[in-house]
Structure formats: structure tokens, C-alpha cells
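Q: Pasting the sequence and the predicted coordinates here, then a few questions.
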Amino acid sequence: MPAIVALLTLELFVGDAHSLKEKRMVLRRVKDRLGALNLSVAETAHQELWQRATVSVAVVRDGEQSAEAALQQAIEAIERVEPGLVTRSDIEFLT
């Protein structure tokens, strides 16, 4: 079975951030949590805005179901760490 690459794009609203430093602290917690799940994470847009961020999460698995389950687990992990942070999510498969 060929490897499947899946990409999760998340739009985040960091309502409590009043500076880029505060936003980065929140994103650091998110990235650390997702890194512990063996997912690749990067902030990919809105780096200059205080309360908005776009984060991309990538995973390689042996099937679409496995990849999607890992990305759903990522969304759930973020919601546990920072409830209400995710405003939009989109999963796509790059095969």
C-alpha cells in the first residue's frame, strides 16, 4: 500500500493575545502538543497579526483513514489545550 500524505490547515483565532509575543506563546503550546503526536507543524500565514494564525499540520501514513484519524486527533488535542482556538479546519490528501 502506498504512503499517504495528508495536510491539515487550521485557521486559529487567539482572542486573548495582545501582542505577537502572547500569540507565539499560545502557538508554542499547540506546536509542542502536536509534535508529541509525531506530526509536522508550521505556522504558514498571518505571522504579523496578533490574534490570527494559520497553522499547517502534515502527516504520512499507510492509508487515508489512518491519516485522517491522526489529523482529527490533532484537532482534538488543540481543543483540549486551547478551547475555541480553531475557527476553521480543512484536510486534504496529497497523493
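A: Nice, thanks for sending it over.
Q: alpha carbons only for contacts and neighbour counts from here, please
A: Noted.
Q: For the protein, which residues score under the pLDDT cut-off?
A: The chain contains residues with pLDDT under 70 at 1.
Q: how does it look with 80?
A: 1, 95 (pLDDT under 80).
Q: for the protein, what spans make up the strands?
A: Residue ranges of the strands in the chain, as given by DSSP state E, are 4-13, 40-45, 52-61, 86-93.
Q: could the ones you listed go into TSV alongside distance to residue 71 and mean neighbour count?
A: Below are the strands of the chain laid out as TSV (distance: least, Cα to Cα, whole Å; neighbours: other Cα atoms under 10 Å):
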stretch	distance to residue 71	mean neighbour count
strand 4-13	7	20
strand 40-45	11	15
strand 52-61	8	20
strand 86-93	8	14
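Q: Using a markdown table, please lay out those strands together with distance to residue 31.
A: Listed next are those as a markdown table, based on distance: least, Cα to Cα, whole Å:
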| stretch | distance to residue 31 |
| --- | --- |
| strand 4-13 | 12 |
| strand 40-45 | 6 |
| strand 52-61 | 9 |
| strand 86-93 | 14 |
